[in-house]
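Trainee: please work out how this folds:
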Amino acid sequence: MRFILILSIIFLSMSVSAQSKEMWATLSMVKTEKNYDEFMGMEVTKSKPMPPAVAMDGREIEISGYMISLTADPKPQSHFMFSRYPQNMCFFCGAAGPESAMQVFMQSGTKAKYQKEKVKVKGRLQIQTNDSSGLIYFLQDAVIIE
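Mentor: Below you'll find the model as predicted:
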């Protein structure tokens, strides 16, 4: 019986890790197009999520990644950037696309302490279609779970 319990725990932890990788893979399903942006006065590349990613809109998800602070202040924050990749490879450093990052808004009244290590968050995914920052995804009512 213990053996079955141990195998179940191992399978569950592997499954959760695989789910997180699958989540980023699903969110990475985007179509890019270049258009002239009147406001910016130049050609910009915009990404639109494909149907598998759109199907996640409004759903609660769990996803692992890296916190990217929006300020130099080390205090816990209720809003931060979250990336599939470490900060040196993130979207804002030019090494990845906007589908690899999202804004995270913590549950009301809660804040997250900045961590350099990979963390897992849970929240409600919201897809942005007209965000001037170029980001596609927001995570609302989020909590740190690992």
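
Trainee: for the spatially most central residue of the chain, which non-adjacent residue is closest in space?
Mentor: The central residue of the chain, meaning the one whose C-alpha is nearest the mean C-alpha position (CA atoms, centre = their mean), is Met102 at 4.2 Å. By the measure of CB to CB, 6 or more residues apart in numbering, the closest residue to Met102 outside its immediate chain neighbours is Tyr137, 3.7 Å from it. For every residue, glycine as well, the C-beta is placed using N, CA and C.

Trainee: what pairs with that neighbour across the strands?
Mentor: For Tyr137, the beta-bridge partners under DSSP bridges are Met102, Ile127.

Trainee: ok, the one 5 residues further on next?
Mentor: For Ala142, the beta-bridge partners under DSSP bridges are Met106.

Trainee: my read: it touches Met106, true?
Mentor: Yes. Under the criterion of CB atoms under 8 Å, Ala142 makes contact with Met106 at 5.3 Å.

Trainee: quick one: common contacting residues for these two?
Mentor: Shared contacts of Ala142 and Met106 (CB atoms under 8 Å, 6 or more residues apart in numbering): Ala112.
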